[in-house]
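S.K.: structure of the sequence below:
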Amino acid sequence: MSNPILFDKSLLRRRLSQLPSRKTRNAFLDEMMQEDILERLIFIEREFEKAALISPFLDLKTALNQHPKIKSLICAAPIIHSQANIIAEEELWPFAAQSLSLIISMHGLACMNDLPGALIQMRQSLKPDGLLLAAFLGGDSLYELRDVLLEAESVIKGGAAMRVHPMVEVKEAGALLQRAGFALPVADVETYKVSYDSLFHLLHDLRSMGLTNILNEQVSSGLTKNILFKAAQIYQEKYGLEEQGKIAATFQVIWLSGWSPHESQQQPLKPGSATHKMADFLKPSDE
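M.R.: Numbers count the residues shown, from 1 in each chain. Predicted coordinates:
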């Protein structure tokens, strides 16, 4: 049975192609992800012969090209990009089997119609003992916005539609890594609380970062001024900060790391290979 088409990827590409330049858009999420990727690479004691960076934003390209642990780098983006070598995305994976030693994915895994399939393709393109590092928004990101839009639309119209697409949970992401055949899978989350002057400033930032609704089944009626002003009022009442006039917005970045299996990696013990019985550890001491 085929997966449901939850996200309109052509709409996503159109919106990404219309984004303002980095000089005029708010890039704080990209900057935090980039800093974290470089920090994580510091603690990996090995070199990567061929790495791929895949993201709609390729500001990390210069730092990775200069990184002492990366010998060669290829960059991919889902749209035409001056820094990209090829146009590609995680669901339309262009790399041959066992052709890469490192994959760095930023943002893309948040909007997959077939996330398990994308992870399997990425794992297959890694050489044995190759590494995947992925970062994307998930979990409880923008839960405040989801809450106030639903409440405001319910008050004004007597019913509400989904205006913010569902997010992948960190536990689900970790399980999918394992299902895709990655060894030593790790999933963790970084939570950032950001303050804004108002709901309207938050929405402006989301548009500039390409984080607007791309659900395949778009709601026919847009958000009216009445709904937005009601949502802004509710937002201030429920999630306003002590700092006068400010509101809080939550962004959660899910981090995934996993290795392509290799015999040199730490392996779980085989069933029946234990040298001690559990009962030995449960016996009362002689003291």
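S.K.: which stretches of the stretch 51-200 of the chain have low pLDDT?
M.R.: 160-163 (pLDDT under 70).
S.K.: all the strands of it, in order from the start?
M.R.: 51-54, 73-77, 86-87, 100-106, 126-137, 183-196 (DSSP state E, counting those that start in this stretch).
S.K.: same list (these) but as CSV, adding distance to residue 28 and mean neighbour count.
M.R.: Any C-beta I mention is one placed from the backbone N, CA and C, and that applies to glycine too. Shown next, in CSV, are the strands of the stretch 51-200 of the chain (distance: least, Cβ to Cβ, whole Å; neighbours: other Cβ atoms under 10 Å):
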stretch, distance to residue 28, mean neighbour count
strand 51-54, 19, 26
strand 73-77, 20, 21
strand 86-87, 26, 14
strand 100-106, 14, 24
strand 126-137, 13, 22
strand 183-196, 7, 15
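S.K.: same list, those strands, but as CSV with distance to residue 225 please.
M.R.: As requested, the strands of the stretch 51-200 of the chain are exported to CSV (distance: least, Cβ to Cβ, whole Å):
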stretch, distance to residue 225
strand 51-54, 39
strand 73-77, 35
strand 86-87, 38
strand 100-106, 35
strand 126-137, 27
strand 183-196, 19
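S.K.: quick one, which of these is nearest to residue 229?
M.R.: Closest approach to residue 229 among these (Cβ to Cβ): strand 183-196, 15.8 Å.
S.K.: check whether residue 73 really touches residue 64, as I assumed.
M.R.: Yes - counting by Cβ atoms under 8 Å, residue 73 touches residue 64, with 5.2 Å between them.
S.K.: okay, and the common contacts of these two?
M.R.: 51, 53 (Cβ atoms under 8 Å, 6 or more residues apart in numbering).
S.K.: gap between the most centrally placed residue in the chain and residue 213?
M.R.: Geometric centre of the chain, nearest residue: residue 136, 1.2 Å, by Cα atoms, centre = their mean. Taking Cβ to Cβ, to the nearest Å as the measure, residue 136 falls 16 Å from residue 213.
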